[in-house]
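Undergrad: let me see the structure of the following:
(chains A and B)
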Amino acid sequence: MSATAATAARFDNHWSYAEEVEVLTFDLNGETFALEAVIVQEILDLLPETAVPGSQPFVASVINFRGKVIPLADLRLAFGMEAAEATIDSRIIVIEIDLQGEQTLVGLRTDKVNEVTTLAKSASEAPPSIGMRWRADYINCLVKRGGEFIILPNLQAIFSSKHDAAGAAS
Amino acid sequence: MSTLDPVAVFRMEAAECLEAIEAGLLDLTHQLDNKDLVDAVFRGLHTLKGSGAMFGFEALAAFTHHCETAFDRVRKGEVAATSELVAAVLAARDHMRALVDQPDANHGDTGSKLLAQLQAAVGGKAAPVAAPAAVVAPAIVREVSAKKKNSWRIRLSLPANSMANGTNPLGLLDELRDLGECTVRANTAAIPPLGELTPTELHISWEVMLTSEQDRSAIDDVFIFVLDDMELSVEEIDGAATAAPTVEKVAAAPAAPVSMAVPPTAVPEFRPVEAVPVRREAPAAASQAKSAENVRVPAERLDELMDRVGELVIAQSRLSQLASASADIALRSVSEEIERLSGELRDTMMVLRMVPVATLFSRFRRLVHDLARETGKVIELVMEGETTEVDKTVIERLADPLVHLVRNSIDHGLEMPADRLAAGKTEAGTVILSARQAGGEVIISIKDDGRGINRERVRAKAESSGLIHPGQPLSDSELLQLIFAPGFSTAAAITNLSGRGVGMDVVKKTVEALRGAIDVVSVPGQGSEVSLRIPLTLAIIDGLLVRVGSGRYVIPLSAVEECLELSLEEDLRSRGRSFISLRDSLVPFLRLRDLFRTGTKPDVHQKVVVISTGTERVGLVVDQIIGDHQTVIKSMSKLHNNVATFSGATILGDGSVALILDVGHLVAAGQHQEAQLRVTG
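TA: Numbers count the residues shown, from 1 in each chain, chains lettered A, B, ... in the order given. Coordinates of the predicted model:
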């Protein structure tokens, strides 16, 4: 647990200690994303969601994770992608991250969870300043693998930002 | 989990011990001849000395020893308890605390100074026939005679097959132990060599030395069910040898004659003995055993347990759904059993974290005591509602804010005795610390009958420090709220009690962090009252479960006044004017469906839940009222901090999450939305 906490805290520079990093890859709208494996707590089938009126759209609901009420985030909306219907492959990845000094469990809705793999530091690139639809500060880096890019999101930036699209009920 | 550092454990125990000592001393100031309090303080000091020495706190042990000696003399009636002595020991207690916290630090000559004070307090009144001592003396006599004890030597041996009959010799020994001080010696001579040993047979006999206030029949009662088959001898000891040893030897044979079952009263009677050696610490040991019934558990473990219980309840409800659909009687009965058990477990769990506010309030007695000495004011502290239970975390976080508030009341609020008399008040100022539960909130208030808050000075100060413009119109409550602004203090002179310009803003921040609110009421010349309204986080609340669209929500039952039906016609008629007439008064209402933007059509039979926010009544239109629901409040993560409409969430029986409405914020949000509608529409 403490190892997880420490790792989550230095998530932004997760390659400063090793040449390789173990990640869990998943798909969202046809793009492949990756999360550092140590922050992943659990992978769940979809659960009943409870909408929280007035919350930021990308964390618009909460779920019951082992007796705890945790937020369920849709990274799609943070990246400005289209919302999509759940499929048979849809899963929730529960991660633990540091939010303003507090270890917080967050569920991430994904289209498909792929595999745990290792990515090499040498293959990573900083997000390009142009040519990308998404906010650059939401992305840690891109890693080339085969013919495609794997996106490592900057969860700290995403979850600590005050989103422009404010609460719906206010 | 890491093992606890023994020194840390000692520190926790010492803190508790010091608190008990302090409480005892403070009580003692009011009733100097109370023997029980003297004993209690003595026991506390004795325990602290003993365990301090055990854990290597030599300085503490040595220092405490002197205080203990002083109190021992009071206990024995050699000196009288005086307020000087109590004050000296109170000061000494603070030094002990320092010795516990920093045993290696250099405490200078504080210790010797305190001991000199102590010596003066004890020595000054050392006259053996001092009048108060005479008052104390009879009390001691009474206590000794009430605690007359008898000692017995009990030998017992049970037949080898007795365990097969369900007799548990350990249970018998435990019962003897409950009677009094007990030394048990096992006689293992009859145990056969390992090769011949039958593990189910009993070969051990016991010899028990028992000192007890109970009489002989209590011992016989212990063996009442096994008396027929065993060998038992009960001998009264103590050198007096007045009672003849009685031996009951009963044949283990199944054909034992009925007459052999000697009733306990038939044994030769014993005569009470006069001289009885009583271990001095016996009463102390008993009281320690009682306090040890409290177990310290880290809060996060309780949280984990709470979550597990929550999961269990959910799993149970799934089980009962399966069982009700099944024809298997056995499955149904197990399911019902589990339902009952998990319900009980949940109820027990709920109250585990709750502690009475008495634990919080008790520390203010010392504070007020000290402040009274420092300021020269006469202060009476009244505490009300100490049994009100609040979550432990809340109690811990409220400690500092309350210290500030009480200090403020005494320093700024209460006048000097002469001024009070001049103002036609009693000499003693009163500070009332009260707690009460109101629905999902606990209200803790600090009330004084002092001079009240001087509005002119508050305004002048706020204007000079730039908080408000000169002459800026403010309502009375807005003006009073200014005292919570950072850097604000009305103390003309900075004392060491308060007025350092910090405090009230910290109070406000802490209370707001607990999602609470502060109300200030102040009447010039008559006093002030500061009320903290704190929600009972993690507490259980009674809620009304309602459905709005497809979502389910909990409305705290304490806020609910009544439920009405909103007929379709009335709903249509009320377009444009969102209020209904309820017994000739107008009640505005909010359509939660609109507020939450559910995008669903209203139900045909909508309901209006009329809630009261304290000052106003508001109706909430919901689609369906599902019913009462016992609600465990779960906090939501920081990601939902900005959503003030909900005070938390709860998990329903089917495992889904329902949000708990924060009634006050909801009404505010509704007003905001309507104001926007008016602007745009």
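Undergrad: so, low pLDDT: which residues of chain A?
TA: By pLDDT under 70, the weakly predicted segments of chain A are A:1-18, A:129-132, A:161-170.
Undergrad: what parts of it come near chain B?
TA: By CB under 8 Å from any CB of the partner chain, the part of chain A that sits against chain B consists of A:48, A:50-56, A:59, A:62-64, A:66-71, A:73, A:99-100, A:102, A:104-106, A:159, A:167-170. C-betas here are computed from N, CA, C, even on glycine.
Undergrad: quick one: the helices in chain A, in order.
TA: With DSSP state H, the ranges of helices along chain A come out as A:2-9, A:75-78, A:155-160.
Undergrad: same question for the stretch 1-150 of chain B.
TA: B:6-30, B:35-54, B:58-75, B:83-101, B:110-123, B:131-146 (DSSP state H, counting those that start in this stretch).
Undergrad: export those to TSV and tack on distance to chain A and mean neighbour count?
TA: Compiled in TSV, these are given as follows (distance: least, CB to the nearest CB, whole Å; neighbours: other CB atoms under 10 Å in any protein chain shown):
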stretch	distance to chain A	mean neighbour count
helix B:6-30	19	18
helix B:35-54	32	21
helix B:58-75	34	21
helix B:83-101	27	20
helix B:110-123	38	17
helix B:131-146	52	13
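Undergrad: can you give me every residue that contacts residue 152?
TA: Since you didn't name a chain, this refers to chain A. Contacts for residue A:152 were tallied using CB atoms under 8 Å, 6 or more residues apart in numbering or on different chains; they are A:23, A:33, A:34, A:35, A:124, A:139, A:140, A:141, A:142, A:143.
Undergrad: actually chain B
TA: When contacts are counted by CB under 8 Å, 6+ apart, residue B:152 touches B:208, B:209, B:210, B:212, B:216, B:219, B:234, B:235, B:236, B:237.
Undergrad: any idea what it is bridged to?
TA: Here residue B:152 sits in beta bridges with residue B:210, residue B:236, going by DSSP bridges.
Undergrad: near chain A, which residues of the stretch 551-681 of chain B?
TA: Near chain A, when you scan the stretch 551-681 of chain B using CB under 8 Å from any CB, you find B:551-552, B:595-598, B:634-640, B:642-643, B:645-646, B:648-651, B:655-659, B:669, B:672-673.
Undergrad: filter these down to the buried ones.
TA: By the neighbour-count criterion of 16 or more other CB atoms under 10 Å in any protein chain shown, these include these buried positions: B:551-552, B:595-596, B:598, B:634, B:636-637, B:639-640, B:643, B:645-646, B:648-651, B:655-659, B:669.
Undergrad: inside strands: which ones of these?
TA: Using DSSP state E, the members of those that fall within strands are B:551, B:552, B:646, B:648, B:649, B:650, B:651, B:657, B:658, B:659.
Undergrad: dump those to TSV, plus distance to residue B:53.
TA: Formatted as TSV, the entries for those read as follows, by distance: CB to CB, whole Å:
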residue	distance to residue B:53
B:551	63
B:552	60
B:646	54
B:648	48
B:649	51
B:650	50
B:651	50
B:657	54
B:658	56
B:659	56
